[in-house]
Every structure is written in C-alpha cells, then in structure tokens.
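Trainee: here is my input, please return the structure:
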Amino acid sequence: MSSLYLDRKNLGIKLDGQALALYEDGERKGSVPLHLLDRVVLRGNVQLESRLLGALSERNIGLLVLSGRNTEATAMLAGRAHSDTTRRLGQYCVSMDTDLRVPLARWLVLVKVRAQLRMLQRAMTGRADLRRPLMGAVQTLSGILGQLREDQLAMSLDSLRGFEGAAAAAYFGGFTQLFAPGLNFTGRHKRPPPDPVNVCLSLGYTLLHYDAVRACQIVGLDSMLGFYHDVSFGRESLACDLMEPLRPVMDGWVWQLFRERELRAEHFSDDNGRCLMNKTGRQRFYAFYESHAAATRRLLRRYGYALSKRYQLAYEAR
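Mentor: Have a look, this model is predicted:
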C-alpha cells in the first residue's frame with residue numbers, strides 16, 4: 001500500500017505507536033502501519049489528532065484533505081523539503097528572467113499539445129464512428145504542433161498561451177464527442193461541475209495537482225513559483241506547470257472509466273445544478289487512479305529533477 005483513501009463519515013484517526021488507528025463512531029475498526037504509506041487522502045468530516053500531523057511530516061508522508069461537497073483540496077501536507085537551497089535560489093533567478101522562462105514554457109506547451117493529439121488519435125483507432133467527429137480537432141492540433149516545432153518562430157509567453165488556448169478549444173471540441181449524450185458533457189466546466197465527466201475531471205486534476213505539489217517538495221523546488229503560470233496569490237503555479245502535460249493522460253483515464261462502464265449514471269446525482277459522485281463511484285475512481293498513478297508520479301518527479309538541475313545551473317551562472 002502506498003496511498004490510503006479515507007472517505008467515510010464519523011471517522012477518526014489517531015496515532016498508535018507506528019500505525020494509524022482508525023475509529024468509526026468511537027469504535028476502533030483497524031490500523032495501518034505508517035511504513036506502508038506514502039500519502040493519505042481524506043474526504044469529508046474526518047477527525048484526527050494534531051500529533052498525527054507531526055508523525056506524518058516526520059516520516060515524509062503526504063496528506064491531502066478534500067472538501068466534502070466538491071473535489072477541491074482544502075489542505076495539503078507535502079512532506080519534508082529538499083535540503084539544497086541553491087535549487088530554489090536558481091528557481092527565483094529564472095522566474096525573474098523572461099528569456100529563461102520562454103524555452104521552458106515552449107517545451108511545456110509542445111508536450112501538452114502532443115499529448116492531446118495522441119489522446120484523440122488513440123480514440124480514433126478502431127472506432128470508425130469517431131473519425132469524422134475528431135478529424136477537425138486532430139488537424140488543428142497537428143497544425144499547432146507544427147508551428148510550435150518551428151525553430152525560427154519567435155515566441156513569447158503570451159504567444160505560447162495563445163497556442164495553448166487554441167489547442168484546448170480544438171481538443172475539448174473533439175473530446176466531448178467521446179462520451180454518451182446522456183452524460184451531458186459539452187465542455188470543461190469547473191465550479192460547480194454540472195455533469196459526471198466534469199466531476200471526474202475535477203477530482204482527477206485535484207489528485208494530480210497534489211502529486212505535482214509533492215514532487216516539487218521532494219526535489220527541492222518552490223511549488224508556488226512557476227515558469228509558465230504567473231505568480232498568483234494562493235496558487236501552486238509550478239505544480240500547475242508540471243501537471244499540464246499530464247492533463248490529457250487524466251482525460252484518457254476518465255474516458256476509459258466511462259467507456260468500460262466502471263462509472264455509470266447511477267454513480268452520480270444532481271444537487272441544484274451541481275453534479276455529485278456517490279461513495280461507490282468515488283471508491284471506483286480512487287482505485288482506478290491508484291492503479292495507474294505510479295507512472296505519472298515518476299514522470300512528475302523526473303520533470304522536477306530536470307528543472308532543479310536547470311535552476312541550479314542558472315544560479316551558478318548568475
């Protein structure tokens with residue numbers, strides 16, 4: 001076990017030696033040894049001892065707390081930071097130099113658009129009925145990818161964001177065609193998510209974002225200071241940067257969950273225009289995510305280590 005998901009009402013967690021003790025309505029239900037855990041994900045009204053936070057931090061175990069009504073994170077404990085401060089000093093140097101940010105941003109947009117293109121191309125494989133609806137989006141993404149690969153093309157952060165926005169519009173125009181009309185998925189809508197697909201995308205992006213925050217912490221970078229996303233109060237901009245190329249991967253997982261009927265309409269309900277996923281649906285989603293997330297977590301750390309080396313060189317060259 002590397003991740004523990006606790007999604008239950010009236011649940012309490014206490015520290016019992018080298019283990020987490022789980023209580024429901026005051027009655028002990030079991031325990032989980034700390035050495036088995038990399039992260040703990042809580043949802044809803046879960047009570048925990050304050051000394052438990054110290055134990056998790058001491059053992060470098062991450063903690064993510066999700067709100068009970070939606071899929072947003074309300075608290076995060078990412079674990080111990082890397083000890084090499086020069087990586088963060090280099091990161092601050094790069095953040096103040098647009099000429100150093102642009103090549104990194106160009107790489108990010110190129111990799112993301114390429115992943116979007118591959119996602120739609122994979123969906124078309126073996127599905128003749130999808131070729132026509134997706135062809136326009138695939139052609140648009142191919143054209144944008146070609147422009148991004150042009151070495152002679154002058155780039156700026158604003159122009160790169162323009163390419164990314166155009167790619168997103170084309171991509172989601174095709175992505176919506178992959179789902180049954182009964183799911184009412186017409187595009188990306190966040191607050192509140194109005195349909196089952198958007199609920200799953202929001203939850204998936206939240207989990208992926210936390211993994212990106214944790215990757216930043218592990219490699220010694222400041223998750224709040226990005227190279228593509230500008231500084232914004234309360235936003236982990238670097239984590240947002242690192243997860244961008246992996247969003248299409250998450251999209252593909254959501255499509256797979258519905259295509260293979262792991263998630264169905266009965267796992268969702270409407271609450272005055274807000275779509276909610278029930279407990280059974282969440283259990284299936286968590287299990288699927290954990291069975292696929294190891295590769296994306298390794299990739300996030302690889303991105304982070306590559307960035308840390310680049311930042312360290314920038315600090316040494318200042």
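Trainee: list the contacts of P248.
Mentor: By C-beta atoms under 8 Å, 6 or more residues apart in numbering, the contact list for P248 reads K112, A115, Q116, R118, M119, Y171. C-betas here are computed from N, CA, C, even on glycine.
Trainee: okay, buried residues for stretch 50-60 please.
Mentor: Using 16 or more other C-beta atoms under 10 Å as the burial criterion, the residues of stretch 50-60 that qualify are L52, A55, L56.
Trainee: just the closest of those to E316, please.
Mentor: L56 (34.5 Å; C-beta to C-beta).
Trainee: how about the nearest residue to the residue nearest to the spatial centre of the chain, chain neighbours excluded?
Mentor: Residue closest to the average C-alpha location in the chain (C-alpha atoms, centre = their mean): L208, at 2.1 Å. Counting by C-beta to C-beta, 6 or more residues apart in numbering, M243 is the residue found nearest to L208 once chain neighbours are left out, at 5.1 Å.
Trainee: centre of the chain to the helix or strand containing the one you found, how far?
Mentor: Here M243 is covered by helix 237-243, with elements defined by DSSP states H and E. Distance of helix 237-243 from the chain centroid (C-alpha atoms, centre = their mean, to the nearest Å) equals 9 Å.
Trainee: can you check stretch 249-258 too?
Mentor: 13 Å.
Trainee: what residues are up against L66?
Mentor: V41, L42, R43, G44, E72, A73, T74, T206.
Trainee: state the pLDDT value of it.
Mentor: pLDDT for L66: 90.
Trainee: from Q312, how far out is it?
Mentor: 34 Å (C-beta to C-beta, to the nearest Å).
Trainee: counting neighbours, what do you get for A287?
Mentor: 12 (other C-beta atoms under 10 Å).
Trainee: in which helix or strand would I find it?
Mentor: helix 279-316.
Trainee: distance from that helix to the middle of the chain?
Mentor: 8 Å.
Trainee: kindly report the same for stretch 249-269.
Mentor: With C-alpha atoms, centre = their mean, you get 17 Å for stretch 249-269.
Trainee: shouldn't S269 be within a helix?
Mentor: No. Assessed with DSSP: H, G, I helix; E, B strand; the rest coil, S269 is strand; it does not lie in a helix.
Trainee: distance of it from F288?
Mentor: Distance from S269 to F288, by C-beta to C-beta: 20 Å.
Trainee: between those two, who's got more neighbours?
Mentor: F288 (19 against 13).
Trainee: so what pLDDT did the more buried one get?
Mentor: At F288, pLDDT is 97.
Trainee: do the same with G79
Mentor: Looking at G79, the pLDDT reads 69.
Trainee: check the one 4 residues further on too.
Mentor: At S83 the predicted local confidence, pLDDT, stands at 74.
Trainee: how about the contacts made by it?
Mentor: G220.
Trainee: so it, which of the three states?
Mentor: coil.
Trainee: how close does it sit to I218?
Mentor: Taken as C-beta to C-beta, the span from S83 to I218 is 12 Å.
Trainee: who touches the helix-or-strand element of the chain with minimal mean pLDDT?
Mentor: Ranked by mean pLDDT, DSSP states H and E, the weakest helix or strand in the chain is strand 73-77, scoring a mean of 83. If you take C-beta under 8 Å, 6+ apart as the criterion, strand 73-77 is touched by 53, 56-57, 62-67, 206, 209-210, 213.
Trainee: can you pull the contacts of the residue nearest to L208?
Mentor: Y205, L208, H209, D211, A212, L300.
Trainee: ok so the second one is a helix residue?
Mentor: Same thing as L208. Yes. Residue state for L208 (three-state DSSP) corresponds to a helix.
Trainee: so where do the helices sit in the stretch 101-250 of the chain?
Mentor: 128-149, 157-175, 196-219, 237-243, 247-259 (DSSP state H, counting those that start in this stretch).
Trainee: now do the last one and helix 196-219, the angle between them.
Mentor: Spelled out, it's helix 247-259. Helix 247-259 and helix 196-219 meet at an angle of 140 degrees, taking axes from the mean of the first three to the mean of the last three C-alpha atoms, to 10 degrees as the criterion.
Trainee: what is the mean pLDDT for helix 247-259?
Mentor: pLDDT averaged over helix 247-259 gives 97.
Trainee: okay, that helix in CSV with CA atoms only?
Mentor: Extracted C-alpha coordinates of helix 247-259, given in CSV (Å, rounded to 0.1, in the frame of the first residue of the first chain):
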residue,chain,number,x,y,z
ARG,A,247,-3.8,16.5,-18.1
PRO,A,248,-4.6,14.6,-21.4
VAL,A,249,-3.4,11.4,-19.6
MET,A,250,-6.0,12.0,-16.9
ASP,A,251,-8.6,12.8,-19.6
GLY,A,252,-7.9,9.4,-21.1
TRP,A,253,-8.4,7.7,-17.8
VAL,A,254,-11.8,9.4,-17.3
TRP,A,255,-12.8,8.3,-20.8
GLN,A,256,-11.7,4.7,-20.0
LEU,A,257,-13.7,4.7,-16.8
PHE,A,258,-16.9,5.5,-18.7
ARG,A,259,-16.1,3.5,-21.8
